[in-house]
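A.B. asks: Just to be clear, the model below is a prediction. Sequence and coordinates:
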Amino acid sequence: MRKPSIAVEEYLCILILAYSIYYSSRRGQTIRFYFESGNVNFSSHMVKCRNLLSRIKINSWILVLNKGVDGGKMKLTPNIYCYIWQGMGNNCNTYLFVGDTITLIDPGHIKNERQEPCLERLLGAMAKDGFKAEDVGLIILTHAHPDHCESASVINAGSAKIAVHRDKDGYAKMILEQMSRLFGLKPVEITPDSFLEDGDILHLGGIELNVIYTPGHSSDSISLYCEKEKTLITGDVIFSGSIGRTDFPGGSIDILKQSIERLSKLDVEYLLPGHMDIVSSKSNVQNNFTMVKRMFFGIS
Ligand SMILES: [Zn+2]
């Protein structure tokens with residue numbers, strides 16, 4: 001095949017940059033492009049890019065373009081199912097752990113700002129794997145942002161219990177109200193059945209999840225580490241090539257840095273973020289931590 005001319009590469013590059021900025025602006029994330037000549041700021045979005053198309057590091061948010069609605073359904077291990085959000089609007093990824101208790105982590109929106117039927121799609125994808133909403137015994141929320149927890153109360157209408165980080169200051173309720181208003185949503189309400197703290201270990205019958213308190217994106221953020229499967233769920237703390245926003249109420253870039261430092265010391269084979277694609281393999285996970293720390297915190 002003939003090598004495309006530089007002009008074509010430049011044109012494609014501009015299209016990808018424009019789409020990436022638009023796409024990232026719909027989500028709670030920061031994206032950085034990196035040029036050989038240095039970092040280039042696109043208002044709050046910094047985008048990672050190396051020279052022209054032939055050298056662009058295409059991140060997961062671009063690869064999403066090539067997937068269908070069901071393209072994000074994946075059985076990661078016999079006990080872990082991933083439902084990676086594939087729509088155009090904002091919603092989070094959902095993860096399902098199969099132990100004696102079936103546990104759903106971050107069920108996401110019911111409908112998002114584009115009126116995409118997020119919960120309907122999730123339940124449809126789960127049904128293809130043989131799970132119904134009524135099968136879910138526990139819902140864990142990594143943090144109280146509407147795009148992670150709006151569906152919880154609907155699924156909870158079955159027998160599922162809801163677990164969140166212990167919220168000593170009533171933060172979650174206040175933030176949920178503020179964030180719902182900010183995104184033009186009906187006020188989201190959740191009624192937790194139990195509270196989680198740093199160091200807790202959840203015994204789910206064949207699966208154990210360690211609770212790690214990782215504030216910074218929000219002050220109630222937790223990550224969940226399954227040591228047996230070497231799997232880490234990070235919510236909006238760290239993504240593939242990016243980090244969660246820190247400009248929402250309760251956010252702090254300095255605290256987020258500490259949380260990411262702490263997570264980077266774990267032995268992780270699969271990093272399962274709240275948005276965008278998962279990061280697989282120990283070396284890719286470590287590279288992701290290294291790259292994110294260098295790009296966002298200047299740590300080499
Ligand atoms: Zn969030």
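C.D. replies: Perfect, thanks for sending it.
A.B. asks: What residue spans form the domains of the chain?
C.D. replies: For the chain, whose domains are defined here by automatic domain parsing, the residue ranges read 6-58, 65-297.
A.B. asks: Pick out the shakiest of those domains, pLDDT-wise.
C.D. replies: Here these differ in mean pLDDT, and the lowest is domain 6-58 at a mean of 47.
A.B. asks: Downstream of the host helix or strand of I260, the next helix or strand is which one?
C.D. replies: I260 is part of helix 253-264 when elements are defined by DSSP states H and E. Under the assignment DSSP H and E, the closest C-terminal helix or strand after helix 253-264 is strand 270-273.
A.B. asks: Please say whether there is contact between that following strand and the ion.
C.D. replies: No - under the criterion of CB under 5 Å from the ion, strand 270-273 makes no contact with the ion; the nearest approach is 11.0 Å. Using the backbone N, CA and C atoms, a C-beta is placed for each residue, glycine as well.
A.B. asks: same for that strand, what does it pack against?
C.D. replies: strand 231-235, strand 238-239, strand 279-280, helix 282-297 (3 or more CB pairs under 8 Å, 6 or more residues apart in numbering; DSSP states H and E).
A.B. asks: any idea how far K257 is from G251?
C.D. replies: In this structure, G251 and K257 are 12 Å apart, going by CB to CB, to the nearest Å.
A.B. asks: what touches both of the two?
C.D. replies: Listed as contacting both G251 and K257 by CB atoms under 8 Å, 6 or more residues apart in numbering are G216.
A.B. asks: Could you find the closest non-adjacent residue to P273?
C.D. replies: Ranked by CB to CB, 6 or more residues apart in numbering and with sequence neighbours excluded, the top spatial neighbour of P273 is F239, at 4.3 Å.
A.B. asks: same thing with S221?
C.D. replies: Leaving out its chain neighbours, the residue that sits closest to S221 by CB to CB, 6+ apart is H143, at 4.3 Å.
A.B. asks: Doesn't the one you found belong to a strand?
C.D. replies: No - with DSSP: H, G, I helix; E, B strand; the rest coil as the criterion, H143 is coil rather than part of a strand.
A.B. asks: What about K128, how many residues nearby?
C.D. replies: The burial count assigned to K128 is 9, neighbours taken as other CB atoms under 10 Å.
A.B. asks: With the one 3 residues further on instead?
C.D. replies: If you count neighbours by other CB under 10 Å, F131 ends up with 17.
A.B. asks: That one in helix, strand or coil?
C.D. replies: Three-state call for F131 (three-state DSSP): coil.
A.B. asks: quick one: it and I102 touch, right?
C.D. replies: Yes - between F131 and I102 a contact is recorded at 6.7 Å, counting by CB atoms under 8 Å.
A.B. asks: Return every residue with contacts to both of these two.
C.D. replies: Common neighbours of F131 and I102 (CB under 8 Å, 6+ apart) are L96.
A.B. asks: Show me which residues of the stretch 201-300 of the chain sit near the ion.
C.D. replies: Counting by CB under 5 Å from the ion, the stretch 201-300 of the chain comes close to the ion at D236.
A.B. asks: Tell me which residue in the stretch 201-300 of the chain sits closest to the ion.
C.D. replies: D236 (3.8 Å; CB to the ion).
A.B. asks: Now that residue: closest residue in space that isn't a chain neighbour?
C.D. replies: G244 (3.4 Å).
A.B. asks: packing partners for the helix or strand harbouring K173?
C.D. replies: With elements delineated by DSSP H and E, K173 resides in helix 171-182, which encompasses its position. Using 3+ CB pairs under 8 Å, 6+ apart as the contact criterion, the neighbours of helix 171-182 among helices and strands are helix 146-149.
A.B. asks: that older thread, which of the domains of the chain has the highest mean neighbour count?
C.D. replies: Most buried of the domains of the chain by mean neighbour count (mean count of other CB atoms under 10 Å) is domain 65-297; its value is a mean of 19.
A.B. asks: Strands of the stretch 1-150 of the chain, start to end?
C.D. replies: Using DSSP state E, counting those that start in this stretch, the strands found in the stretch 1-150 of the chain span residues 29-30, 34-35, 38-39, 41-42, 45-46, 73-77, 80-83, 94-98, 102-105, 136-140.
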